[in-house]
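Trainee: Got a predicted structure here, sequence first:
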Amino acid sequence: MRRGQEGFSLVEALLSVLVVSAGLVGIARFQIQAWRSGLDAMRLTEAAHLAAQRLDALAVEASLGAAPADGADAPGPSITRYDRRWTVRDGGDGTLRLEVRTGWPDGAAPLMLRGAAQPRRRPDDGAWLGLPD
């Protein structure tokens, strides 16, 4: 540049455009990753809710004297498609061991919740309703 001349040279302008572009690409990548993480969190939250819902239903069945059994279903409308399976095993100490797995058709690792339930017998005296003896 000549002495007394003001402004930017073409090289300086191109270099500044390159630096700003690299920053914008980095911000875009960050936004995409944040969006994907949000979707994963939403999907995992829904899967946990569906698994907990089934685990509670199995525990209620057992507490009312019903004999819950292994099974599977595809829960109703949801954000994504799920496959929900559950197993019921004898705990050996008078309890039932419950396990519910909620998974996705795309092969992602399933979410698993475990619990236990105390089955009740149905005596004629009403104790199965929780009434005192």
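Mentor: That came in fine, so what should we check first?
Trainee: what about residue 67, how many neighbours?
Mentor: Number of residues near residue 67 (other Cβ atoms under 10 Å) recorded here: 9. Using the backbone N, CA and C atoms, a C-beta is placed for each residue, glycine as well.
Trainee: Where does it sit: helix, strand or coil?
Mentor: coil (DSSP: H, G, I helix; E, B strand; the rest coil).
Trainee: And it, how close does it get to residue 13?
Mentor: For residue 67, the distance to residue 13 (Cβ to Cβ, to the nearest Å) stands at 78 Å.
Trainee: residue ranges of the helices in this protein, please?
Mentor: Here the chain has its helices, by DSSP state H, at 10-63.
Trainee: show me what contacts the residue sitting nearest the centre point of it?
Mentor: In the chain, the centroid-proximal residue (Cα atoms, centre = their mean) is residue 44; its distance is 1.7 Å. Neighbouring residues of residue 44 by Cβ atoms under 8 Å, 6 or more residues apart in numbering: residue 111.
Trainee: can you start the count at 56 instead of 1 from here on
Mentor: Yes, from this point I'll number from 56; that puts the last item at residue 99.
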